[in-house]
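Chemist: sequence-free structure coming up:
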């Protein structure tokens, strides 16, 4: 089913990409799902240290 969520693209070194794919398989997630999880966790950690990131819309 199509989604209206924003998309991102990342360029990785081949060895990093292969390791990422292996982690996806171990976690039984798609590349998109694991990428989203990693970004979400990074933002939560960042905000814990630096405070909430304000979004101007």
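Modeler: Yes, it's here. Since the structure is predicted, the reported quantities are computational estimates derived from the model, not experimental observations.

Chemist: pLDDT averaged over stretch 41-48, what's the number?
Modeler: Throughout stretch 41-48, pLDDT has a mean value of 98.

Chemist: How about stretch 1-19?
Modeler: Mean predicted confidence for stretch 1-19 is 92.

Chemist: how long is that stretch end to end?
Modeler: Using CA to CA, to the nearest Å, the span of stretch 1-19 from its first residue to its last is 28 Å.

Chemist: which residues touch it?
Modeler: Applying CB atoms under 8 Å, 6 or more residues apart in numbering, the contact partners of stretch 1-19 are 20, 35, 39. All C-beta spots, glycine's among them, are computed from the backbone N, C-alpha and C.

Chemist: Among these, which are located in helices?
Modeler: 20, 35, 39 (DSSP state H).

Chemist: Contact partners for the first one?
Modeler: Counting by CB under 8 Å, 6+ apart, residue 20 touches 12, 31, 34.

Chemist: Likewise for residue 22?
Modeler: Residue 22 touches nothing, counting by CB under 8 Å, 6+ apart.
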